[in-house]
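Asker: just coords:
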C-alpha cells in the first residue's frame with residue numbers, strides 16, 4: 001500500500017477545523033539563523049554555546065552572556081522570513097482555528113505575519129530583569145560582530161542586570177505557554193510539526209499529546225527524526241519548499 005503523501009496531507013489540512021503548527025530550529029536555520037550546533041566566530045568560538053546558556057554563566061559573567069545573546073539577536077535581525085514562514089501565516093489565516101507553537105526564540109514568524117505565537121523557549125526580543133522579572137525594552141542594535149563582551153543594562157525598577165528573555169538550560173518552560181500549547185495539541189484535528197528533531201523535552205512532547213488525542217500528525221523535515229514514529233504523514237524536504245506547496249494544494253492558491 002502506498003504511504004500517504006502531500007496530496008493526502010493537503011486534503012487533511014484543508015478540511016481541519018483546529019490546526020496546530022509546531023516549529024523548531026530547522027525552520028529558522030533555513031533563514032540563515034545559526035543553531036547551537038553551528039560553527040561560531042570571533043570570541044564565541046572559544047566557548048560551548050550550551051555553557052553560555054545557563055543562569056550560572058550569567059551570574060558568573062553577565063557581560064559575556066549578554067554579549068553572546070546580543071550577537072545572536074543581531075544575526076536574527078539581519079535574517080528574513082522565508083516562504084515557509086509565510087505559509088505558516090497563511091495556514092493561520094485559512095484554518096478556522098489555528099495555533100502556532102514555536103521553540104524558536106527569534107521573531108521571524110511575527111515578521112511573516114503570524115500573530116501571537118506561543119514561544120515555548122522565550123524570545124530574544126523580550127528581555128527582562130534577572131531579579132524582579134520586570135519586562136525591559138529591547139536595546140538599540142549594538143552588534144558585537146566578532147564577539148565581544150557587553151555589560152547588560154540595568155532594570156529601571158530594581159537596578160539588577162537585565163537578562164535575555166529566553167529559557168536557559170536548567171530552567172522551566174513558561175507555564176502559561178506550555179499549558180496553552182498542551183491544550184491546543186490535545187484538541188486539534190491536525191498537528192503540523194516542522195523543522196524540529198523531537199529531542200528537546202518537554203517541548204517535544206507536544207506532537208505526542210496530539211497523537212494520543214487522535215489528531216493527524218504531519219511532519220515536515222528534510223531528514224528522519226524520532227517523530228517519524230508518531231507522525232501519520234512524513235513529508236521530506238525544507239519547509240521553504242514543502243509548506244507553500246501544501247498551502248497551495250489545501251486552499252487552491254488562496255492568498
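Answerer: Cool, the structure landed. The model shown is predicted, which means the values in this text are computed figures rather than measured ones.
Asker: Pull out the buried positions in the helix or strand bottoming out on mean pLDDT in the chain.
Answerer: Counting by mean pLDDT, DSSP states H and E, the chain has its least confident helix or strand at helix 49-52, which shows a mean of 77. Using 16 or more other C-beta atoms under 10 Å as the test for burial, helix 49-52 gives residue 52. (Each C-beta comes from the backbone N, C-alpha and C, glycine too.)
Asker: elements contacting it?
Answerer: helix 62-78 (3 or more C-beta pairs under 8 Å, 6 or more residues apart in numbering; DSSP states H and E).
Asker: Which elements pack onto the helix it packs on?
Answerer: Packed against helix 62-78 by the contact rule (3+ C-beta pairs under 8 Å, 6+ apart) you find helix 49-52, helix 55-60, strand 122-129, strand 162-166.
Asker: Could you list the buried residues of the following helix or strand past it?
Answerer: Note on helix 62-78: by DSSP states H and E, the next helix or strand toward the C-terminus is helix 83-94. Residues of helix 83-94 classed as buried: 83, 84, 85, 86, 87, 88, 89, 90, 91, 92, 94 (neighbour count, 16+ other C-beta under 10 Å).
Asker: Just the closest of these to residue 27, please.
Answerer: Residue 27 has its nearest neighbour among the buried residues of helix 83-94 in residue 84, at 6.3 Å by C-beta to C-beta.
Asker: Can you give me the distance of the closest residue to that closest one other than its chain neighbours to residue 178?
Answerer: Distances taken as C-beta to C-beta, 6 or more residues apart in numbering put residue 239 closest to residue 84, at 3.3 Å, once the chain neighbours are dropped. Taking C-beta to C-beta, to the nearest Å as the criterion, residue 239 is separated from residue 178 by 23 Å.
Asker: Settle it for me: which of these two has more neighbours?
Answerer: Neighbour tally, residue 239 and residue 178, criterion other C-beta atoms under 10 Å: the higher count belongs to residue 239, 29 against 18.
Asker: That one: what's it in contact with?
Answerer: Counting by C-beta atoms under 8 Å, 6 or more residues apart in numbering, residue 239 touches 23, 26, 27, 30, 82, 84, 87, 194, 195, 220.
Asker: Which pair in the residues you listed has the greatest spatial separation?
Answerer: 26 and 87 (14.4 Å).
Asker: The helices and strands packed on helix 62-78: which one's closest to residue 186?
Answerer: Judged by C-beta to C-beta, the one of these that comes nearest to residue 186 is strand 122-129, at 22.9 Å.
Asker: Quickly list the domain ranges of this protein.
Answerer: Listed by automatic domain parsing, the domain ranges of the chain are 1-31+81-121+173-255, 34-78+123-166.
Asker: Pick the most deeply packed of the ones you listed.
Answerer: Mean neighbours per residue, mean count of other C-beta atoms under 10 Å, is largest over the domains of the chain for domain 1-31+81-121+173-255, with a mean of 19.
Asker: quick one: which helix or strand includes residue 11?
Answerer: Element membership for residue 11 (DSSP H and E) is helix 6-15.
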